[in-house]
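K.L.:
Provided below are the primary sequence and the corresponding predicted coordinates.
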Amino acid sequence: MDGSTCKVLLVEDNEINRVVVRRLLGELNVRIEEADNGKAAVDFIREGRAYDLILMDKEMPIMDGHEATRQMRSLGVSTPIVALSGNSLQSDRDLFIQAGADDFLSKPLSRGKLAHILAKYGLNHGD
Amino acid sequence: MGKYSSWDFKKRDHDAKVNMNGDASVQVDKRRGRICEHADICKGYLDDQFNQIEELQDEVSPNFVEEVVALFFKDSSRLLANIERVLEKYPRDFSRLDSLMYQLIGSVSSIGALRMKNECTSFRDHCSDGNLEGCKRSFQKVKREYTTLKQKLEKYFQWLRQAGPVEQATNSRK
């Protein structure tokens, strides 16, 4: 049984992005769960699910990334939350950091970006 | 779009030159199907993000590129139809138009469709300026880029299908 690989929650409404990131994280030997909007992600947390890293998209239906991040922090989640956005505007980053995100990645995501962020938070990707 | 034959990945052949219906020969990396890196068909239309998607295709996911591209066209056609509807019914709802185009940019970026992304960005600029005529002109360009991209990707998959049998012919000469 493999207990050493980390678990990531990907919160992203775009199906293509989920398919590609799922594959990229799979290649990095990372377990992944997915939510297609912020509310679903917050519900996972309320259910008691735990993650080593959360990748949070910005614009999503029902609940956006900013609000989902705020709610997670108010629930006591200390897991690193990495904001994802198609923009790399400083204002975008600032808003996410204010909401409680720890880091920021611009989309589209690549293997290199994901490997870097996993390493930054000391996450074992099972090499 | 039709499935192309999967390759025998255990053979791991060297690159083979494939002559495509009288077009210039195209070098094909059989292990990964990285045809776009070598072919003029993609020049300017698809950026490195598409190469990344190609690299994710292997014996475990032999149709990965095709699956992603199919998802892209399904998602894009829906969003384009929605944008067209909003332009007709609520032409000055720039916020809604911008939001829809932002979603389209997300899909377009995820497969590396560079030219289409640039036109989508131009559309959003017109939304910011409240320029309806600019939006309409830009949207026509977005649709043209979409059509062109679809044709190019259909050709890409056609080439991949043709490359499959050539590898078997190459092996039989050993």
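P.N.:
Alright, I've got the coordinates. This one's a predicted model, so the numbers in the text were calculated from it and none came from an experiment. Numbering: from 1, shown residues only, chains lettered A, B, ... in the order given.
K.L.:
what about the closest residue to A:N87 other than its chain neighbours, neighbour count?
P.N.:
Take A:N87 and drop its neighbours on the chain: the residue closest to it by Cβ to Cβ, 6 or more residues apart in numbering or on different chains is A:S106, 7.2 Å away. C-betas here are computed from N, CA, C, even on glycine. A:S106: 16 surrounding residues under other Cβ atoms under 10 Å in any protein chain shown.
K.L.:
Report the contact partners of A:S106.
P.N.:
Applying Cβ atoms under 8 Å, 6 or more residues apart in numbering or on different chains to A:S106 gives the contacts A:L84, A:S85, A:G86, A:N87, A:S88.
K.L.:
now A:D43
P.N.:
A:D43 sits next to A:A35 when contact means Cβ under 8 Å, 6+ apart.
K.L.:
Can you show me the strands along the chain?
P.N.:
No chain in the question, so chain A it is. For chain A, applying DSSP state E gives strands covering A:7-11, A:31-35, A:53-57, A:81-85, A:103-106.
K.L.:
that's the wrong chain, I meant chain B
P.N.:
Ranges of strands in chain B, per DSSP E, are B:16-18, B:26-28.
K.L.:
Would you mind listing what in chain B touches chain A?
P.N.:
Proximity of chain B to chain A is confined to B:49, B:52-53, B:55-56, B:61, B:64, B:67-68, B:71-72, B:75, B:99, B:102-103, B:105-107, B:109-112 under the rule Cβ under 8 Å from any Cβ of the partner chain.
K.L.:
and those, which are buried?
P.N.:
Using 16 or more other Cβ atoms under 10 Å in any protein chain shown as the burial test, those include B:49, B:52-53, B:55-56, B:64, B:67-68, B:71-72, B:75, B:102-103, B:105-107, B:109-112 as buried.
K.L.:
Please report which of the contacts of A:S106 has the highest neighbour count.
P.N.:
A:L84 (26 neighbours).
K.L.:
show me the biggest helix of the chain in terms of residues.
P.N.:
I'll assume chain A. The residue-count maximum for a helix in chain A (DSSP state H) belongs to helix A:15-27.
K.L.:
Chain B is the one I meant
P.N.:
Counting by DSSP H, the longest helix found in chain B is helix B:132-172.
K.L.:
In contact with B:L100, which residues?
P.N.:
So B:L100 contacts B:L79, B:N82, B:I83, B:V86 (Cβ under 8 Å, 6+ apart).
K.L.:
Ok, A:T79 next?
P.N.:
For A:T79, the contacting residues are A:A50, A:Y51, A:D52, A:L53, A:I54, A:M72, by Cβ under 8 Å, 6+ apart.
K.L.:
returning to what we had before: least confident of the strands of chain B, on average?
P.N.:
When these are compared by mean pLDDT, strand B:16-18 comes last with a mean of 43.
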